[in-house]
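In: Sharing a model prediction with you, sequence too.
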Amino acid sequence: MNKKWLVCICLVLTLLLTACAPQDGGVRQRQGSSVTNSASDVSALLAQAEKEAEAQPEPEPPQPAEPEAPRPAEPEKAQPDEPAPQEESDIDELLREKERPERDRSGMQTVLDDGTVIDIDLTKLSPTLVYAEVSGMVYEPYDYLGKVIRMSGLCASAHDEETGVTYYAIIIPDATACCAQGIEYLLLDGYDYPEDGGEAAVTGIFTLYEENGLYYCRLDEAAIEEAR
């Protein structure tokens with residue numbers, strides 16, 4: 001039974017019992033009649049309260065909340081493959097370094113009768129300056145890459161027994177002849193390589209090449225003539 005109906009019934013009983021309580025100076029027969037009438041009224045009220053309680057639908061128990069279905073995980077967006085950075089070779093690094101301001105070597109330039117321009121003509125310099133320039137080619141080759149260079153000195157060669165390759169170079173001594181630097185050269189077709197120990201002048205394009213993981217400087221497409 002609903003709690004509010006129980007409260008109402010209790011209040012009604014309390015009022016009726018209070019009304020039926022004996023009064024001073026009252027007649028006993030009259031009191032008995034009042035109790036009888038009050039009892040019938042209470043029975044009627046109780047019957048009516050029970051009917052109303054039965055007619056009222058009982059509240060439904062709360063239903064447990066249904067758990068939310070887990071959301072499907074969103075697929076990760078495929079990231080575009082980034083191109084792997086290309087390793088920079090030593091030659092590329094030297095070419096990049098070549099973008100630095102170069103020394104003014106206009107005084108070393110020579111123009112031949114056929115219009116060929118020799119960017120650095122070491123045959124015009126003193127032995128001290130020649131040795132300094134050749135040392136620069138060996139230790140700082142980026143400043144000479146692609147330039148046409150002419151130099152004169154002693155001819156030398158070395159043969160590699162394992163590969164069967166012969167290397168040819170021009171040896172440049174310093175002013176005191178205590179030290180020397182060598183620049184390798186590769187002649188064009190139609191030229192013959194000189195014998196070791198003789199003097200010659202070689203003109204070619206300064207470049208670098210790789211062999212067995214190491215880089216070497218060389219005068220490519222070179223022409224050779226007798227030293228002046």
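Out: Good, I have the coordinates. Note that the structure is a prediction, hence the values are computed from the model and not measured.
In: Extract the C-alpha set from stretch 120-140 and format it as CSV.
Out: C-alpha atoms of stretch 120-140 as CSV (Å, rounded to 0.1, in the frame of the first residue of the first chain):
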residue,chain,number,x,y,z
ILE,A,120,94.6,29.5,-63.3
ASP,A,121,97.9,29.5,-65.1
LEU,A,122,100.5,28.4,-62.6
THR,A,123,103.3,28.7,-65.1
LYS,A,124,103.1,32.5,-64.7
LEU,A,125,103.7,32.4,-60.9
SER,A,126,106.7,32.2,-58.7
PRO,A,127,107.7,28.8,-57.2
THR,A,128,106.4,29.9,-53.8
LEU,A,129,103.0,30.9,-55.1
VAL,A,130,102.8,27.8,-57.3
TYR,A,131,103.3,25.6,-54.3
ALA,A,132,100.7,27.5,-52.3
GLU,A,133,98.1,27.1,-55.0
VAL,A,134,98.8,23.4,-55.5
SER,A,135,98.5,22.9,-51.7
GLY,A,136,95.1,24.7,-51.9
MET,A,137,93.9,22.3,-54.6
VAL,A,138,94.8,19.3,-52.4
TYR,A,139,93.4,20.6,-49.1
GLU,A,140,90.6,22.9,-50.3
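In: What are the buried residues along it?
Out: Using 16 or more other C-beta atoms under 10 Å as the test for burial, stretch 120-140 gives 120-123, 125, 130-131, 133-134, 137. Using the backbone N, CA and C atoms, a C-beta is placed for each residue, glycine as well.
In: contact partners of that stretch?
Out: If you take C-beta atoms under 8 Å, 6 or more residues apart in numbering as the criterion, stretch 120-140 is touched by 105, 108-110, 143-144, 147-152, 172-175, 179, 181, 183, 201, 206, 217, 227-228.
In: Point out the ones among those residues that are inside strands.
Out: 110, 148-152, 172-173, 181, 183, 201, 206, 217 (DSSP state E).
In: What subset of the residues you listed is buried?
Out: Among those, the ones that count as buried by 16+ other C-beta under 10 Å are 148-152, 172-173, 181, 183, 201, 206, 217.
In: I'd assumed Thr207 was in contact with Asp220.
Out: Yes - counting by C-beta atoms under 8 Å, Asp220 touches Thr207, with 5.0 Å between them.
In: higher neighbour count, the two?
Out: Thr207 (18 against 15; other C-beta atoms under 10 Å).
In: quick one: contacts for the more buried one?
Out: Counting by C-beta under 8 Å, 6+ apart, Thr207 makes contact with 145-146, 217-220.
In: Once you drop chain neighbours, what's closest to Val165?
Out: What sits nearest to Val165 in space, not counting adjacent residues and going by C-beta to C-beta, 6 or more residues apart in numbering, is His159, at 7.6 Å.
In: what's the pLDDT at the one you found?
Out: His159 is assigned a pLDDT of 94 by the prediction.
In: Count the neighbours of it for me.
Out: 9.
In: Now do the same contact list for it.
Out: For His159, the contact set (C-beta under 8 Å, 6+ apart) comprises 165-167.
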